[in-house]
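**Q** just the structure for this:
(chains A, B and C)
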Amino acid sequence: MSGVHAPPRALPSVRPARPPRLWPTVGALLRKELLVELRTLESVPGMSLFAVTTFVLFHFALNRSSVEGDLAAGILWVTLLFAAILGVNRLFVADADQGGFDGFLLAPVDRSAMFLSKVLTLLAFLVVLELVAVPAFALLLLGSPLGPALPGLLATLALGDLGVAVIGTLVAAMAVQTRARDLLGPLLALPLFVPIVIGGARATSPLLVAVHPGTPALRWLLTLGLYDLLFGLIAYALFDFLLED
Amino acid sequence: MEAQSRRVAGSSETKNRRRDGAVMYGRGLPTLSIATVVAIAVSLSLVFFYAPLEAEQGFLQKIFYVHVPLAIIALCGFVLGGLLAIQHLRTRDPRWDMRSYVVIHMSLIFAVGTLITGSIWAKGSWGHWWVWSEPTLVSFLIVFLLYATYQPLRFAIEDPERQSRYASVFAITAGAFVPANFIAVRLSTAYLHPRVLGSTSNLPASMALTFLVSLGALSLLFATLCKYELTAKHTRSQIRALRRRLDGGDAGAPARARSAVPSLQHLTTSGAGPVVSAPAAGSSAR
Amino acid sequence: MAALEVEGLTRHYGEREALADVSLSLDAGQTLVVFGPNGAGKTTLLRVLASLLRPHAGSVRVLGSSLPGEAWAVRARIGLLGHEPLLYRELTARENLRFYARLYGIEDERVHELLESVAMHGRANEPLRTLSRGMVQRVAVARAVLHDPELLLLDEPNANLDPAAIELVVPLLAGGSGPNGLRTRVICSHDPSGGLAQADVVLGLRAGRPALLRAAAEVDPDEIAELYR
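**A** Numbering: from 1, shown residues only, chains lettered A, B, ... in the order given. I've put the predicted structure just below:
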């Protein structure tokens, strides 16, 4: 093996051209996140499987073969949220256990990049989760056709996902440094998710009806959007305080 | 030996500092306590003897004079806890964290009081211990569930500085959540059912007066209890600091057990003057 | 110009004082070796200098910038090699180094060169969890000097390395930018004779307090052993 006994060459002095800006840093972090997830597959498959299994449980628990309206919206949103919690729990574990925070904090980068990269990662996980869970839901439990409901449903899910991603990232960062991280994560996140459930379920329920399906009411989409904005700003402002020592 | 009067961060200390450099907490506590007792007595008499009986709900309606002020004070307390936490993150002064902790602690107790009185009211008016149609009650349940995690969160973080910092982040997030949650729940219940327990506007003058006095009395109670707790914690912290000095510095003193309570130690270890009750050995006689 | 100027540095951990009133100064190109029993504050000192911890009292100036206020200005010029390798076990050596290279704005060729310098070129594409601790430590060294820092902070750097690896690693850690091609270094060590040999200045910590601060030439190995009693 070459190089083991040969003396190392003197390396030329290296100076980075300029410190990396925000979005390239976010890009580098995102790549790392997705690479780790692809290698370990510890978040997304678990979340998706959990959702499908939960639908099966609901069938037996409610003793129904098909659901519509409020009931359908409720089952879908609650299941998605609980599956999201699984992803939230694992979001910072690799960094906390393998010293990833220190490595990032030492680097000459804008620290907001970690917040953004984690939110985008969680968002990506949620999208993949929904790609599995929504068709599974339509197959197993939904009593109305999915097709016409899809545009409204996707819009609502997009807004809901954003809120879950932002709050989930903040809560995950708080919980990961504690001793009871798997317990505190859900306990902190679920009350904060209540307005998202309210907005999401109320917006979705008129869509999931076989006869005369409606459109999501603007007020609920607005509620979701404003909530996302409020907590997006708060989380963005507070996140750095969780990183430092 | 002249004890140095150290300029401690946060000018509220200068007025509590005696000339020999000791810091006193709990000034004004006796006055505040008496004022509170008087206010509560006045408020109770108004509630029982002055406020008219309401036509529909009868005597039970009087619980409104306790339930609503408790709710308002708890809500304001939670938001105040968030504001105090912002100050903590800005200044890194652990005293702000202590204040935030005490205020949230007390608001949580008042929130439980709100839930209990609300539940009694619901049972009396509607025959059910819980009604989903009352948005205040529902919002409080959610807020209670959130703030109930505050203490476990603190306890689960061992590093005291990190504990304070994370608690502040939580307090700010939760403080912003309280009004947002209220609005969201209001929207959802209005959509489903009309408000049933009556609004607090359009009150006849006698009821309004009783309500305001009750609100004032309970606010005083809140403030007094907070001040008591703050004083107790500060004093205990000073005593510990003294004991450490007597035991000969860090080497002698035992490690403090894990705790959810903010640590104030590093304010006092570097010698911020003797505690009032210590014998004035060598310090200038006043 | 002094690379390090520390004055009255104090850092608490709740009621304990992790560091109390530490003052020192180090010129560029010099090496400071820190001795002291476990819990004396060596790692805390290193982390403060690395801008990972903020001082609770006192002042710290690193490479001309004061911490924590101006930390952003010097991060690119400081390297840390602590107890943790700060590497992701599921990624390969190459992927880890490429990741850090992107964070520091360094080109990929540098990654390639360093992998060769630490003799990890052959195993660069295997996940770190399949490699031995010695190999991971070598990759960690590469990570620490990736951006050719002027100031290098080392916490027992030779742990987990066999003598051949130590030979590879020592020139990397010592040489680089800075006067005479030497890096300014702060090394935490438990090895009195070995550590003393590398040192220009010696700092001995006990219970967070400086017990000994002198030029290395004037220090006796016995005095260092005293710290541990």
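**Q** so what's residue B:42 up against?
**A** For residue B:42, the contact set (Cβ atoms under 8 Å, 6 or more residues apart in numbering or on different chains) comprises B:213, B:217. No exception for glycine: its C-beta is placed from N, CA and C like everyone else's.
**Q** which residues in the chain form strands?
**A** Answering for chain A, as no chain was given. With DSSP state E, there are no strands along chain A.
**Q** meant chain C, my bad for not saying
**A** Assigned by DSSP E, chain C shows strands spanning C:2-13, C:16-27, C:31-35, C:57-62, C:65-67, C:78-81, C:151-155, C:184-188, C:201-206, C:209-215.
**Q** give me the neighbour count for residue C:162.
**A** 11 (other Cβ atoms under 10 Å in any protein chain shown).
**Q** surely it meets residue C:133?
**A** No - counting by Cβ atoms under 8 Å, residue C:162 stays clear of residue C:133, with 10.4 Å between them.
**Q** compare the strands of chain C and give me the one nearest chain A.
**A** Chain A lies closest to strand C:78-81 among those, at 5.7 Å (Cβ to the nearest Cβ).
**Q** which stretches of the chain have low pLDDT?
**A** Since you didn't name a chain, this refers to chain A. Along chain A, the model assigns pLDDT under 70 to residues A:1-20.
**Q** if you could check chain C rather than the one you did, that'd help
**A** Using pLDDT under 70, chain C drops low at C:176-180.
**Q** what's the separation between the closest residue in space to residue A:184 that isn't next to it in sequence and residue A:91?
**A** Spatial nearest neighbour of residue A:184, excluding adjacent residues (Cβ to Cβ, 6 or more residues apart in numbering or on different chains): residue A:175 at 4.5 Å. As defined by Cβ to Cβ, to the nearest Å, residue A:175 lies at a distance of 9 Å from residue A:91.
**Q** thinking again about what came up before, and the residue nearest to residue A:184, how close does it get to residue B:159?
**A** Residue A:175 sits at a distance of 15 Å from residue B:159 (criterion: Cβ to Cβ).
**Q** neighbour-wise, which of these two wins?
**A** Neighbours around residue A:175 and residue B:159, counted as other Cβ under 10 Å, are more numerous at residue A:175. The numbers are 28 against 13.
**Q** which residue ranges of chain C form helices?
**A** Along chain C, counting by DSSP state H, helices occupy C:42-49, C:71-74, C:93-104, C:108-117, C:133-145, C:163-174, C:192-198, C:221-227.
**Q** and residue B:264, which of those helices is closest to it?
**A** Residue B:264 sits nearest to helix C:42-49 of all the helices of chain C, at 20.8 Å, using Cβ to Cβ.
**Q** wait, does the closest one contact chain A?
**A** Yes - Helix C:42-49 is in contact with chain A by Cβ under 8 Å from any Cβ of the partner chain, via residue C:47.
**Q** show me what the lengthiest helix in chain A is packed up against.
**A** Using DSSP H, we find that the single longest helix of chain A is helix A:112-140. Counting contacts by 3 or more Cβ pairs under 8 Å, 6 or more residues apart in numbering or on different chains; DSSP states H and E, helix A:112-140 is packed against helix A:22-40, helix A:44-62, helix A:69-90, helix A:150-176, helix A:218-243.
**Q** tell me which element whichever residue of the stretch 1-150 of chain B sits closest to chain A is part of?
**A** Closest approach between the stretch 1-150 of chain B and chain A, counting by Cβ to the nearest Cβ: residue B:146, at 3.8 Å. Assigned by DSSP states H and E, residue B:146 belongs to helix B:135-147.
**Q** show me which residues of the stretch 151-286 of chain B are close to chain A?
**A** For the stretch 151-286 of chain B, the residues in contact with chain A (Cβ under 8 Å from any Cβ) are B:152-153, B:156-158, B:162, B:165-166, B:168-170, B:172-173, B:176-177, B:180-181, B:184-185, B:187-188, B:191.
**Q** mind checking which of these are buried?
**A** The neighbour count (16 or more other Cβ atoms under 10 Å in any protein chain shown) marks B:152-153, B:156-157, B:162, B:165-166, B:168-170, B:172-173, B:176-177, B:180-181, B:184-185, B:187-188 as buried among those.
**Q** out of those, which are inside helices?
**A** Per DSSP H, these map to helices at B:152-153, B:162, B:165-166, B:168-170, B:172-173, B:176-177, B:180-181, B:184-185, B:187-188.
**Q** list the buried residues in stretch B:102-111.
**A** Per 16+ other Cβ under 10 Å, stretch B:102-111 contains these buried residues: B:102-108, B:110-111.
**Q** likewise stretch A:79-94?
**A** Using 16+ other Cβ under 10 Å as the test for burial, stretch A:79-94 gives A:79-94.
**Q** close to chain C, is that stretch?
**A** Yes - contact of stretch A:79-94 with chain C (Cβ under 8 Å from any Cβ) involves residue A:94.
**Q** near chain B at all, that stretch?
**A** No - residues of stretch A:79-94 contacting chain B under Cβ under 8 Å from any Cβ: none, with a closest distance of 13.1 Å.
**Q** can you give me the helices for the stretch 151-286 of chain B?
**A** Taking DSSP state H, counting those that start in this stretch, the helices of the stretch 151-286 of chain B run over residues B:160-192, B:205-246, B:265-268.
**Q** possible to save the ones you listed as JSON lines with distance to residue C:154 and mean pLDDT?
**A** Below are these laid out as JSON lines (distance: least, Cβ to Cβ, whole Å; pLDDT from 0 to 100):
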{"stretch": "helix B:160-192", "distance to residue C:154": "25", "mean pLDDT": "89"}
{"stretch": "helix B:205-246", "distance to residue C:154": "34", "mean pLDDT": "88"}
{"stretch": "helix B:265-268", "distance to residue C:154": "29", "mean pLDDT": "54"}
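**Q** start and end of stretch C:72-80, how far apart?
**A** Taking Cα to Cα, to the nearest Å, the first and last residues of stretch C:72-80 lie 15 Å apart.
**Q** distance between it and the chain's centre?
**A** Here stretch C:72-80 shows a centroid-to-chain-centroid distance of 12 Å under the convention Cα atoms, centre = their mean, to the nearest Å.
**Q** residue 36: neighbour count?
**A** All of this refers to chain A. 22.
**Q** oops, wrong one, chain C.
**A** As a burial measure, residue C:36 scores 26 neighbours (other Cβ under 10 Å).
**Q** excluding its backbone neighbours, what's nearest it?
**A** Nearest non-adjacent residue to residue C:36 (Cβ to Cβ, 6+ apart): residue C:205, at 3.7 Å.
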